[in-house]
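A.B. asks: Okay, structure incoming, though there's no sequence with it:
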């Protein structure tokens, strides 16, 4: 008897622009030296088993949709693989058979649930007015770099974001999370108004606001207390108003400078996030 | 008598995809606090005079092509502006008249020549196989973040880059340099082979190679000697071969880890460069 768990078709609900999966070789693998053993599974660059996304993680056996990936990787019957669901769940198993309609996967252990690793960075950026795929790109790169969440920010100079765009960005984020094999999908939150942002800031212990003429980012974080999460805030094209900056700093935000260059919204966001991801990585070694 | 210097039409040789200029408000301005006065001109986010690109910097008066920008910024006769040539030259002056065919600019001082500021990062990345605008994006972001040069790298797993692509990337780089008002254009060097890279590495004092399982980037640079320039090296999709990594480290490269995430070639390049730009910025405050 074949007890097949229906794995949701991965791409049927996605438009063609995100329907292509890249083989893992499209990514470069990076990792810090001497990760403790428990981190190995969380480390997406650990070079372990091939890992495939599946909405449902089977407890025993599943007909799954990753045949295309399996084909690209030239996988064969009996090859060992992992399935992940983007919510921290991970199951190791092997391939029983592959054909053009799917893959029969047999679980060889119970589902593991992995907790998020390292500092959790929550990005708030005013990208509602960005054109030419720049918002897509911002979301894709935040996903790759491991942001915990991204929230579109409505400000005086960037006061709207269309619903269409939010829908599209959700698909971009979902596709990127699968592509880079994030064990925990990035959360794309609904847009918030500036007043709501101030609430978040006043409740947070670490909140970095990208601001002209401020203390360089790394000087600011090196002198901050160690926290497990932080808010990163980047203003719109044309920047925050002076009043907005004042209100954020009053609410408890720390102004940080991003160097001498003129950066677009999406570049500032990625530069800020990337630097803090590298900074967290360096802190774990101390 | 009108002694008009012919300013080269800025966009006539560019395809439409780079022909649009963004108004400065498309950029966010960032700067470190308390820059010494001489840095003010180099600091692209200083919020000073509107700055326009011109191939030739007039010593007295010029008919120039930035009327579109001037119009977007609602500039008027007698408004003060700066012209820059992307080679370090800068001239301050004012607008004598604006019409649809151009702007009459009158220089009000001699040309200043500004030297490049801060650490000079030379990027070597194997992006010949990247698709979907990812190489364009890499070049644009390296330009914005102030890389001194970018050199396409030919490796065992990424051994070609088409001439068409190099031409296109040159246009992307040129357009981005003007858009972000870099006083010094980024150099897009011709592709080099891996053996040539090894020569560069052995001649450099600081060379960081993005490598899986290596010391975190910031730990590595914090323990390195202070230099005025450095090479940043990022491998292709599928990464360098083991042999290639060995050869680079033997030649004097330092392996650096970029955190626990799976990063694409372009993301790794930007994450590495952005972090080092922020790091340089923080060092200048010490």
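C.D. replies: Right, received. Where do you want to start? Small disclaimer: the values here were computed from a predicted structure and weren't measured. Numbers count the residues shown, from 1 in each chain, chains lettered A, B, ... in the order given.

A.B. asks: Counting by contacts, list what the longest strand seen in chain A packs against.
C.D. replies: For chain A, the strand reaching the highest residue count under DSSP state E is reported as strand A:89-99. With contacts taken as 3 or more CB pairs under 8 Å, 6 or more residues apart in numbering or on different chains; DSSP states H and E, strand A:89-99 sits against helix A:67-72, strand A:80-84, strand A:102-107, strand A:112-113. Placement of C-beta: from N, CA and C, glycine included.

A.B. asks: Name the nearest residue to residue A:161, ignoring sequence neighbours.
C.D. replies: residue A:128 (3.4 Å; CB to CB, 6 or more residues apart in numbering or on different chains).

A.B. asks: And for the one you found, the neighbour number?
C.D. replies: 22 (other CB atoms under 10 Å in any protein chain shown).

A.B. asks: With chain B as the reference, measure out to it.
C.D. replies: Remark: distance between residue A:128 and chain B (CB to the nearest CB, to the nearest Å) = 14 Å.

A.B. asks: go on, residue A:48?
C.D. replies: On the measure of CB to the nearest CB, residue A:48 and chain B end up 12 Å apart.

A.B. asks: what's the burial count for that residue?
C.D. replies: Neighbour count of residue A:48, defined by other CB under 10 Å: 13.

A.B. asks: same question, residue A:85
C.D. replies: 18.

A.B. asks: Now do the same contact list for it.
C.D. replies: A:53-57 (CB atoms under 8 Å, 6 or more residues apart in numbering or on different chains).

A.B. asks: Surely residue A:107 touches residue A:54?
C.D. replies: No: with contact defined as CB atoms under 8 Å, residue A:107 does not count as touching residue A:54 (10.8 Å).

A.B. asks: So which of those two has more stuff around it?
C.D. replies: Neighbour comparison, residue A:107 and residue A:54: the larger count goes to residue A:54, with 24 against 18 (by other CB under 10 Å).

A.B. asks: low-confidence ranges in chain A?
C.D. replies: Where chain A drops to pLDDT under 70, the residues are A:1-47, A:65-69, A:285-286.

A.B. asks: OK, contacts around residue A:197?
C.D. replies: Residue A:197 neighbours (CB under 8 Å, 6+ apart): A:124, A:153, A:233, A:248.

A.B. asks: which of the residues you listed has the most neighbours?
C.D. replies: Highest count within those by other CB under 10 Å belongs to residue A:233, 28 neighbours.

A.B. asks: can you pull the contacts of it?
C.D. replies: Contacts for residue A:233 (CB under 8 Å, 6+ apart) come out as A:124-125, A:153, A:197, A:201, A:207-210, A:248, A:253.

A.B. asks: go again using 10 Å as the cut-off
C.D. replies: Counting by CB atoms under 10 Å, 6 or more residues apart in numbering or on different chains, residue A:233 makes contact with A:122-126, A:151, A:153, A:197, A:200-201, A:207-211, A:240, A:245, A:248, A:253-256, A:269, A:272.

A.B. asks: so which strand or helix has it?
C.D. replies: Using DSSP states H and E, residue A:233 maps to strand A:229-234.

A.B. asks: Likewise for residue A:252?
C.D. replies: With DSSP H and E as criterion, residue A:252 is part of no helix or strand.

A.B. asks: how much space between it and chain B?
C.D. replies: Taking CB to the nearest CB, one finds residue A:252 at 19 Å from chain B.

A.B. asks: What count of nearby residues applies to that residue?
C.D. replies: Counted with other CB under 10 Å, residue A:252 comes out at 16.

A.B. asks: quick one, what contacts the spatially closest residue to residue A:198 that is not a sequence neighbour?
C.D. replies: The shortest distance from residue A:198 to any non-neighbouring residue, by CB to CB, 6+ apart, is to residue A:251 (4.8 Å). By CB under 10 Å, 6+ apart, the residues touching residue A:251 are A:197-204, A:207, A:209.

A.B. asks: Restricted to strands, list those residues.
C.D. replies: Reading strands off the contacts of residue A:251 with DSSP E, I get A:207, A:209.

A.B. asks: mind putting the contacts of residue A:251 in JSON lines, distance to residue B:282 included?
C.D. replies: Below are the contacts of residue A:251 laid out as JSON lines (distance: CB to CB, whole Å):
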{"residue": "A:197", "distance to residue B:282": "26"}
{"residue": "A:198", "distance to residue B:282": "28"}
{"residue": "A:199", "distance to residue B:282": "30"}
{"residue": "A:200", "distance to residue B:282": "26"}
{"residue": "A:201", "distance to residue B:282": "23"}
{"residue": "A:202", "distance to residue B:282": "27"}
{"residue": "A:203", "distance to residue B:282": "28"}
{"residue": "A:204", "distance to residue B:282": "22"}
{"residue": "A:207", "distance to residue B:282": "19"}
{"residue": "A:209", "distance to residue B:282": "17"}
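
A.B. asks: for the contacts of residue A:251, which one is nearest chain B?
C.D. replies: When these are compared for distance to chain B (CB to the nearest CB), residue A:209 wins out at 11.2 Å.

A.B. asks: I'd guessed the closest one sits against residue A:240; true?
C.D. replies: Yes: counting by CB atoms under 10 Å, residue A:209 touches residue A:240, with 8.1 Å between them.

A.B. asks: Give the residues shared as contacts by the two.
C.D. replies: With CB under 10 Å, 6+ apart, residue A:209 and residue A:240 have common neighbours A:233-234, A:248.

A.B. asks: what's near enough to touch the closest residue in space to residue A:112 that isn't next to it in sequence?
C.D. replies: In space, and not counting its chain neighbours, residue A:112 is closest to residue A:90: 4.8 Å by CB to CB, 6+ apart. With contacts defined as CB under 10 Å, 6+ apart, residue A:90 is in contact with A:41-42, A:49, A:51, A:57, A:82-84, A:109, A:111-114, A:183.

A.B. asks: From these, keep the buried residues only.
C.D. replies: Among the contacts of residue A:90, those classed as buried by 16 or more other CB atoms under 10 Å in any protein chain shown are A:41-42, A:51, A:57, A:82-84, A:111, A:114, A:183.

A.B. asks: could the residues you listed be laid out in TSV, adding distance to chain B?
C.D. replies: TSV is the format used below for the buried ones among the contacts of residue A:90 (distance: CB to the nearest CB, whole Å):
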residue	distance to chain B
A:41	11
A:42	7
A:51	10
A:57	20
A:82	14
A:83	17
A:84	12
A:111	21
A:114	12
A:183	10
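
A.B. asks: Make a markdown table out of those and add distance to residue A:264.
C.D. replies: Listed next are those as a markdown table, based on distance: CB to CB, whole Å:
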| residue | distance to residue A:264 |
| --- | --- |
| A:41 | 36 |
| A:42 | 31 |
| A:51 | 33 |
| A:57 | 39 |
| A:82 | 37 |
| A:83 | 38 |
| A:84 | 33 |
| A:111 | 42 |
| A:114 | 34 |
| A:183 | 30 |
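
A.B. asks: mind putting the contacts of residue A:90 in a markdown table, distance to residue B:281 included?
C.D. replies: Shown next, in a markdown table, are the contacts of residue A:90 (distance: CB to CB, whole Å):
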| residue | distance to residue B:281 |
| --- | --- |
| A:41 | 35 |
| A:42 | 30 |
| A:49 | 40 |
| A:51 | 37 |
| A:57 | 44 |
| A:82 | 40 |
| A:83 | 43 |
| A:84 | 37 |
| A:109 | 47 |
| A:111 | 45 |
| A:112 | 41 |
| A:113 | 40 |
| A:114 | 35 |
| A:183 | 33 |
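
A.B. asks: Of all the residues in stretch A:196-212, which ones are buried?
C.D. replies: By neighbour count on 16+ other CB under 10 Å, the buried set for stretch A:196-212 is A:197-198, A:200-201, A:204, A:206-212.
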